[in-house]
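**Student:** From the sequence below, what's the structure:
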Amino acid sequence: VSVNAFLAKALVYAVRRVPMANAIITDEAIKIHAKINLGIAISKAGMTEYDSALVVGVLHDVGALGVVELDLRMRQLIDRVRAGNATTEDLSGSTITMSSTAGIGPPGLVSTPILNQPNVALVGPSTPIDRPMVIDGEVVVRTVMPMSFTFDHRALDGEPAARFMSALNDALSQ
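**Tutor:** I've put the predicted structure just below:
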């Protein structure tokens, strides 16, 4: 099971604690969704660096899926997008997005991904890195995963954004 499947499951946990992170902005209002449709940024190689693409595939209703099923569906979605066989449903309806730089950037890279509008939130995990930490008064080495969180201030401000990231951290730590 991939790390991304565990990240997706942790994201579900965090959304359930801060539902505003699972919203979209329309012309009329901010709409909070009951189901979590996870947009996943998928790189699609071109013939040159100038014609490569980043496509957002969507896993629908991820809150109802276990980690193994999440992993399987994520891999299938990525394969369809990269092969050019994605359906309209595969490419629409996201309510929150994950855009990972893990594996493509150096360990510890922190980035600021751009929102996938109309979503109000985007989580950007990066490549894990070993860091010294103080645990129970002792300096120990722990693997940490830098994360960015981009959010639309029209729907979410600092306090719920911090609660969301705290819940995400709690889920991943456990």
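
**Student:** quick one: pLDDT of the nearest residue to residue 1 once chain neighbours are set aside?
**Tutor:** Once flanking residues are discounted, residue 1 sits nearest to residue 71: 4.6 Å by C-beta to C-beta, 6 or more residues apart in numbering. Just so you know, the C-beta spots here come from the backbone N, C-alpha and C atoms, and that holds for glycine as well. pLDDT, residue 71: 96.

**Student:** Residue 71 and residue 121, how far apart?
**Tutor:** Taking C-beta to C-beta, to the nearest Å as the measure, residue 71 falls 22 Å from residue 121.

**Student:** The two: which has the busier surroundings?
**Tutor:** Neighbours were counted for residue 71 and for residue 121 using other C-beta atoms under 10 Å; residue 121 has more, 28 against 19.

**Student:** from what I can see that one touches residue 148, true?
**Tutor:** No. Assessed by C-beta atoms under 8 Å, residue 121 is found out of contact with residue 148, at 11.1 Å.

**Student:** so what's in contact with those two at the same time?
**Tutor:** Overlap of the contact sets of residue 121 and residue 148 (by C-beta atoms under 8 Å, 6 or more residues apart in numbering) is empty.
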